[in-house]
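> Starting from these lines, generate the structure:
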Amino acid sequence: MMASTVAATLLRRGGRQFFLSGFSATHHFAPPTIRAAQPTGRKSYHSSGALLSSSSGVTNGKFMSYAMLYHDSVAFLLSNQLGIPVFMANESKTPTDVANEFNLSVRAASALLVTLCRMDVVEIAKDSDYSVDDIVYRLTPSAKTFLADRNELACVSPFVDTFTTNFISPDALLESSLPADEKKDIMSEHLEQDDETVANNARHFMAHMNAQSYCCAKALPQALDLESVNKPKTLLDVGGGSAIYTIEAIQSNPNMKGIVFELPAIKPITQEYIDKAKLTDRVSVSTGDFFKDPLPDSVDYVLFSNIFHDWPDEINMNLIQKAYDSLNPGGKIVVSELLLADDVVSSTPAATSMNVIMLPYTKGRQ
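Numbers count the residues shown, from 1 in each chain. Model prediction:
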């Protein structure tokens, strides 16, 4: 059976961030094994039923929330852009403290902190019965890990920055929703630029993808049970960029080696990350264009992380066939994507949002 025959089912499974593995490189395919790498958190937003309820008990609250939550995102993006989490990293702050630091009104600073409190970015260190302007806030433990220090690999701020500079308005979404033959996606335009421009863009993009991929990369060794590997095996990371997944995989077991397949212009940047991890003896960079060139062969795992959502199904099926052809017997294709659920309605907000975000930037979907 050709790998492309079953690829379509793989492309649409999930609902959280999943690792899909189970393509056995033998004469037949085993059913895919699905392991959750990092469930996406979900929050519920409730409006006042007493104010919004009708005589039938049906309310318009959720629809009003959908419209207004846009402003929650704007508040979060602005807070990240200003550096409020960094400012609050080591001590509690009041709205007045934040207002003075960032030249805001106290009313605006208070509104931002109240929103961040509901979002679990900050928590109340000392409440006030008199005014929300007198509440003392501190960062939550999770915000300290993922927002407080931009020098840490775990920090998601580079990912957040992307949406600050590329926020999609309704008009922009409409423009990007034109038929495919009437527009060119941003990803394709970037790949057509000269090597120097591609490399410069890649540095920013790698920081963005590191922030998005950090937790899943940390989960990869357990998801694939790499710690139990008792003989030499090789992982091929297709379009691996900063090699964040490869580095975590190789560090988990001395029997593991890695290959990152990247464009020639990207190789020096990828090599910097490998050198920093002190893995030059176990991780190499192979150059090529995965659209045109065969992948390195005789490998045991082929990883596609956030690759398939950039391209239409026919290209992804071709990539899966190339990956299958490069595997040793018993090898596995591993896919890490934020996917829509099979029944759609069960999809997480992160998955449906990313599916919309793909419209102006790529030819793919979640």
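
> Distance check, the residue nearest in space to the middle of the chain against residue 153.
Ranked by distance to the mean C-alpha position of the chain (Cα atoms, centre = their mean), the top residue is residue 212 at 3.3 Å. Residue 212 sits 12 Å away from residue 153, going by Cβ to Cβ, to the nearest Å. C-betas here are computed from N, CA, C, even on glycine.

> before we move on, back to that, go ahead and confirm the residue nearest to the centre of the chain touches residue 156.
Yes: taking Cβ atoms under 8 Å as the definition, residue 212 is a contact partner of residue 156 at 7.4 Å.

> ok, residue 139 - contacts?
Taking Cβ atoms under 8 Å, 6 or more residues apart in numbering as the contact definition, residue 139 lies against 85, 88-89, 121-123, 147-148.

> Just the buried ones out of those, please.
Buried members of the contacts of residue 139, counted by 16 or more other Cβ atoms under 10 Å: 85, 88, 121-122, 147-148.

> And the furthest pair within the residues you listed?
Greatest spatial distance in the buried ones among the contacts of residue 139: 122 and 148, 11.1 Å, computed using Cβ to Cβ.

> returning to what we had before: between the buried ones among the contacts of residue 139, which is nearest residue 65?
Nearest to residue 65 among those is residue 121, at 18.9 Å by Cβ to Cβ.

> In contact with the closest one, which residues?
Residue 121 makes contact with 76, 79, 85, 139-140, 143, 147, according to Cβ under 8 Å, 6+ apart.

> repeat that for 10 Å
Contacts for residue 121 were tallied using Cβ atoms under 10 Å, 6 or more residues apart in numbering; they are 75-76, 79-80, 84-85, 88, 112-113, 115, 137, 139-140, 142-143, 146-147.

> didn't the residue nearest to the centre of the chain look like it was pressed against residue 162?
Yes: assessed by Cβ atoms under 10 Å, residue 212 is found in contact with residue 162 at 9.2 Å.

> how many neighbours does residue 214 have?
21 (other Cβ atoms under 10 Å).

> again but with residue 117, I slipped
A count of nearby residues for residue 117, using other Cβ under 10 Å, gives 16.

> One more: residue 247?
Using other Cβ under 10 Å, residue 247 is surrounded by 25 other residues.

> Spatially, and excluding backbone neighbours, which residue is closest to it.
Closest residue in space to residue 247, ignoring its immediate chain neighbours: residue 277 at 4.8 Å, by Cβ to Cβ, 6 or more residues apart in numbering.

> where do the strands sit along this structure?
With DSSP state E as the criterion, the chain has strands at 17-21, 33-38, 122-126, 136-139, 233-238, 256-262, 283-287, 299-305, 327-338.

> If we ignore the residues flanking it in sequence, what's nearest residue 298?
Of all residues not flanking residue 298 in the chain, residue 328 sits nearest, at 5.8 Å (Cβ to Cβ, 6+ apart).

> make that residue 283, sorry
Spatially, and ignoring its direct neighbours in sequence, residue 283 is nearest to residue 258 (4.2 Å; Cβ to Cβ, 6+ apart).

> Surely the one you found touches residue 281?
No: judged on Cβ under 10 Å, residue 258 makes no contact with residue 281 at a distance of 11.0 Å.
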